[in-house]
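Peer 1: Below are the sequence and a predicted model for it; my questions follow.
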Amino acid sequence: MNLFSDIRTLVISEIEAMMAAGDLPAGLDLAAVAVEPPRDASHGDMATNAAMVLAKPAGLPPRTFAEKLAGRLAADPRVSDVQVAGPGFLNMSLVPTIWSGLLVNALRSGNDFGRAGVGKGIKVNIEFVSANPTGPMHVGHVRGAVFGDALARLLSFAGYDVTREYYINDGGAQVDVLARSAYERYREALGQEPEIREGLYPGDYLIPVGEAMKAKWGESLLNQPEAVWLEDVRDFATEMMMQMIRDDLAALDVQMDVYSSEKALYGTGQIEAAIQTLRDMGLIYEGTLEPPKGKLPEDWEAREQTLFRSTAHGDDVDRPVMKSDGSWTYFAPDIAYHYNKVQRGFDQLIDIFGADHGGYVKRMKAAVSALSGGRVSLDIKLIQLVKLWKNGEPFKMSKRAGTFVTLRDVVEQVGADVTRFVMLTRKNDATLDFDFAKVLEQSKDNPVFYVQYANARINSVLRKAREAGVAVDDATLAAADLAQLSHPAEINMAKKIAEWPRLVEISARGNEPHRVAFYLYDLASELHGLWNRGHDEPTLRFVQDDPATSQAKIALARATGVVISAGLAILGVTPVEEMR
């Protein structure tokens with residue numbers, strides 16, 4: 001039940017009726033017509049911009065358009081009042097029974113309340129994390145993992161067919177470095193002094209890999225030339241690192257549907273096929289590029305390369321796909337990988353990259369646009385840095401990792417639920433400060449605690465009512481006399497609940513799961529405000545002497561809990577029923 005969508009349908013219907021009657025010119029484009037909460041709550045329950053966006057094409061002053069539409073909207077039984085504001089905004093107030101019906105719908109729907117059909121089964125591939133398989137996941141990966149998983153949950157809730165995918169970067173030089181680093185730990189396991197020279201991975205996490213190599217190969221690889229062992233050790237170490245990464249993701253309750261290997265693209269013809277497809281479109285050519293910005297002509301040596309004409313699909317410059325020595329650039333396998341996703345039948349692609357990959361956005365969008373003939377969209381979300389603090393000081397590096405704070409460091413300090421929620425309290429493209437002390441603080445300033453405390457309070461109300469012999473199952477609450485909920489604070493609570501289905505649609509359309517965390521904080525604030533008013537106004541308390549009155553008020557609390565539970569599920573956070 002999306003009240004905002006329902007009222008927008010009413011507005012659209014009345015405008016179409018006005019066109020049919022000749023009161024408005026036919027064929028007006030109604031796509032920009034919106035219905036949303038008014039900026040000032042005292043102005044009503046909903047506002048529409050219909051007159052503002054349609055007045056000019058209709059050839060009418062906005063206020064004249066608004067007045068014509070206002071009379072028609074006021075005739076609807078759901079609408080109690082319509083006011084024309086300012087230059088032509090329309091503010092609507094709804095009849096009180098609307099809020100009762102909303103609460104009944106929430107109670108009957110349970111955690112499915114707000115579930116949307118906006119996705120219409122569209123197939124979406126979300127590729128996220130994709131950390132190099134050279135070590136444990138660090139805190140930067142945590143934010144991308146949480147964002148990607150929450151986005152997948154959000155889109156599934158909104159009716160999309162979602163696939164979570166991890167791209168294993170196992171085709172580059174870094175996995176050879178991993179193999180050489182693991183070999184030194186293998187030598188260490190056999191009692192020799194490891195030579196962790198510059199350029200190798202120094203973390204202690206490779207010690208178990210060395211021990212496992214000893215168990216598998218004994219001394220047979222010792223003192224052998226690199227050519228003998230490099231490939232086998234590379235595959236072995238990569239698989240052990242990937243198992244570590246899978247375990248790290250599981251600690252955050254992140255499960256991937258598909259793991260794709262970059263290495264699998266080489267020698268299989270997939271890169272060649274993707275480039276040939278672009279060549280057949282006239283988008284591959286031999287040429288030279290202009291010098292990069294900041295390079296003086298005398299510092300720049302023009303080299304003929306094989307280039308993708310990405311400027312034909314919105315990029316700033318054309319991009320090399322093959323070097324002058326005949327080897328592929330890093331971009332070529334990425335093109336092939338995305339072509340693979342297009343061929344698998346996805347309608348939308350979403351890539352979640354670290355902020356340092358901003359330069360890849362336009363070229364990847366150009367490649368997908370070309371290879372799909374514009375049919376498949378690609379949205380790239382960049383994840384900004386996480387700054388870790390503890391007691392006002394930067395959090396120290398992990399000894400185990402050697403150079404960075406690991407995912408496990410964070411989860412072991414504060415738990416997966418707190419980690420996930422906090423990582424979504426900022427938009428993905430804004431830097432996030434993660435203070436280990438503050439995220440465990442029990443105060444309004446800690447959004448995790450504030451939302452969980454609201455849920456715990458709701459559950460305490462249910463327990464207290466049961467102890468008093470009041471039936472509080474959802475079916476009984478849905479049948480209660482909800483007309484008793486007439487206080488402005490109670491109506492405001494219901495109005496905030498009404499925003500949930502709309503919030504789901506907006507968040508899903510924009511691929512913005514952080515909106516859910518923001519909304520839950522606001523919803524919790526309404527609940528805490530109503531709870532605190534009950535200290536001074538006993539009639540606002542959820543549990544009353546009269547069971548029927550209690551059930552009506554508890555229905556409001558329980559409906560709030562339904563939304564909190566659904567929202568936390570999208571964030572991947574377990575609701576707390578009792579605070580300790």
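Peer 2: Perfect, I can see it now. Numbers count the residues shown, from 1 in each chain.

Peer 1: Can you pull out the low-pLDDT segments for the protein?
Peer 2: Along the chain, segments meeting pLDDT under 70 span 294-300, 397-403, 580.

Peer 1: List the residues that contact Val258.
Peer 2: 163-166 (Cβ atoms under 8 Å, 6 or more residues apart in numbering). For every residue, glycine as well, the C-beta is placed using N, CA and C.

Peer 1: how about 6 Å then?
Peer 2: Contact partners of Val258, counting by Cβ atoms under 6 Å, 6 or more residues apart in numbering, are Glu165.

Peer 1: cool, the one 5 residues further on as well?
Peer 2: For Lys263, the contacting residues are 170-171, taking Cβ under 6 Å, 6+ apart as the criterion.

Peer 1: how much space is there between it and Ala26?
Peer 2: Per Cβ to Cβ, to the nearest Å, Lys263 is found 59 Å from Ala26.

Peer 1: How about Phe113?
Peer 2: From Phe113 to Ala26 the distance is 38 Å (Cβ to Cβ).

Peer 1: And for Asp257?
Peer 2: Taken as Cβ to Cβ, the span from Asp257 to Ala26 is 47 Å.

Peer 1: Neighbour count for the two, which is higher?
Peer 2: The neighbour count for Asp257 versus Ala26, taken as other Cβ atoms under 10 Å, is higher for Asp257 (12 against 8).

Peer 1: Could you pull up phi and psi at the more buried one?
Peer 2: With angles defined as degrees, to the nearest 10, Asp257 sits at phi -90, psi -30.

Peer 1: Tell me who's in contact with it.
Peer 2: Per Cβ under 6 Å, 6+ apart, neighbours of Asp257: 163-164.

Peer 1: so which helix or strand takes in the most centrally placed residue in the chain?
Peer 2: The C-alpha lying nearest the average C-alpha coordinate of the chain belongs to Leu151 (Cα atoms, centre = their mean; 2.9 Å). Using DSSP states H and E, Leu151 maps to helix 139-157.

Peer 1: what's next to that helix, contact-wise?
Peer 2: In contact with helix 139-157 (Cβ under 6 Å, 6+ apart) are residues 115, 124, 126, 128-129, 131, 162, 164, 252, 254, 352, 383, 386, 405, 407, 410, 420, 423-424, 428, 507-508, 511, 513, 570-572.

Peer 1: now stretch 108-116
Peer 2: 106, 157-159, 478, 500-501, 504-505, 562, 565-566.

Peer 1: try stretch 47-55
Peer 2: 11, 28, 32-35, 38, 62, 65-66, 88-91.

Peer 1: For the buried ones among those residues, write the corresponding PyMOL selection.
Peer 2: Buried residues within the contacts of stretch 47-55, by 16 or more other Cβ atoms under 10 Å, are selected in PyMOL with:
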select buried, resi 11+28+33+35+38+62+65+66+88+89+90+91
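
Peer 1: For burial, what's the neighbour tally of Ser100?
Peer 2: Counted with other Cβ under 10 Å, residues neighbouring Ser100 total 19.

Peer 1: Apart from its neighbours in sequence, what residue is nearest it?
Peer 2: Of all residues not flanking Ser100 in the chain, Leu482 sits nearest, at 3.9 Å (Cβ to Cβ, 6 or more residues apart in numbering).
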